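# Task: produce atomic coordinates for the following.
(2 chains)
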Amino acid sequence: DAKTTQPNSMESNEEEPVHLPCNHSTISGTDYIHWYRQLPSQGPEYVIHGLTSNVNNRMASLAIAEDRKSSTLILHRATLRDAAVYYCILRESGGGADGLTFGKGTHLIIQP
Amino acid sequence: DTEVTQTPKHLVMGMTNKKSLKCEQHMGHRAMYWYKQKAKKPPELMFVYSYEKLSINESVPSRFSPECPNSSLLNLHLHALQPEDSALYLCASSGHRGAMNTEAFFGQGTRLTVV
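Prediction:
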């Protein structure tokens, strides 16, 4: 899997939007961009994924740059429950099972 | 049911003990995984099972022995572990990459302490 680069940590205030960046300059045309988060003392949980177009779901939005070399996870209104480590992961499409290769992720701190 | 259930939640074992970690899912996923996570580090992939067959072993020492008895169950047998093997062991399941839903579901993990 191609590598991603994320800031080590970010801080935001409760009820404000949060933009979490991810750089993936060596992404291939068939790589999907996945985001997972890990709350304290829990297993990782899926947040969102996309290929080329921006994506929205109940948890977040994913904005993908036109050249696909970077993406941004957007939490529209952060709550204290969103404090977690957020991982940006590239995953090849196609058949077969593989594992997720986690980078260091971004530790998101939410201030009340 | 979108749960991956891991038992036990906590385990303390001696270096000469034999123990097993268990993982169960009922989402019909045919890909299951074991990860190891040390404190303040990201999860690291250990094993991948695809259609109940071991497809990826990330050079894991033989004191860790995975087993997939059926499509819903995944075990990790532990024997002669070292204190440095103490970690959170996570199980996950997913559809295969070509499937529409490729998100992985993780269990809460087993926190293992080797004494």
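# give me every residue that touches residue B:24.
Neighbouring residues of residue B:24 by Cβ atoms under 8 Å, 6 or more residues apart in numbering or on different chains: B:4-5, B:72-74. Where you see a C-beta, it was placed from the backbone N, CA and C, and this is true even at glycine.
# Just the buried ones from the residues you listed, in PyMOL syntax?
A single PyMOL command selects the buried members of those (16 or more other Cβ atoms under 10 Å in any protein chain shown):
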select buried, chain B and resi 4+72+74
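# Beta-bridge partners for the residue nearest to the spatial centre of chain B, please?
For chain B, the residue nearest the mean C-alpha position is residue B:34 (2.8 Å; Cα atoms, centre = their mean). For residue B:34, the beta-bridge partners are residue B:47, residue B:91 (DSSP bridges).
# That one contacts residue B:66, correct?
Yes. Counting by Cβ atoms under 8 Å, residue B:66 is a contact partner of residue B:34 at 6.1 Å.
# Can you point out the buried residues in stretch A:37-55?
Neighbour-count burial for stretch A:37-55 [16+ other Cβ under 10 Å]: A:37-38, A:43-44, A:46-50, A:55.
# and chain B, which of those reach it?
Restricting these to those near chain B by Cβ under 8 Å from any Cβ of the partner chain leaves A:43-44, A:46, A:49.
# between the buried residues of stretch A:37-55, which is nearest residue A:64?
Nearest to residue A:64 out of the buried residues of stretch A:37-55 is residue A:50 (Cβ to Cβ; 5.6 Å).
# Spatially nearest residue to the closest one (excluding sequence neighbours)?
In this structure, residue A:50 finds its nearest non-sequential neighbour in residue A:62, 4.7 Å apart by Cβ to Cβ, 6 or more residues apart in numbering or on different chains.
# and what of residue B:104?
Nearest to residue B:104 is residue B:94, by Cβ to Cβ, 6+ apart, at 4.1 Å.
# Just want to check the distance between that neighbour and residue A:23.
Separation of residue B:94 from residue A:23 (Cβ to Cβ, to the nearest Å): 25 Å.
# neighbour-wise, which of these two wins?
Counting neighbours by other Cβ atoms under 10 Å in any protein chain shown for residue B:94 and for residue A:23 shows that residue B:94 has the greater number, 27 against 16.
# wait, isn't that one in contact with residue B:25?
No. Counting by Cβ under 8 Å, residue B:94 does not reach residue B:25; the two are 9.6 Å apart.
# ok, the residue nearest to residue B:57 when sequence neighbours are not counted - contacts?
Among residues not flanking residue B:57 along the chain, residue B:47 sits closest, at 5.7 Å (Cβ to Cβ, 6+ apart). Neighbouring residues of residue B:47 by Cβ under 8 Å, 6+ apart: B:33-34, B:54, B:56-58, B:60, B:64, B:66, B:76.
# Can you tell me which residues in chain B are near chain A?
B:4, B:30-31, B:33, B:35, B:42-45, B:48-50, B:55-56, B:58, B:90, B:92, B:94, B:96-98, B:102-109.
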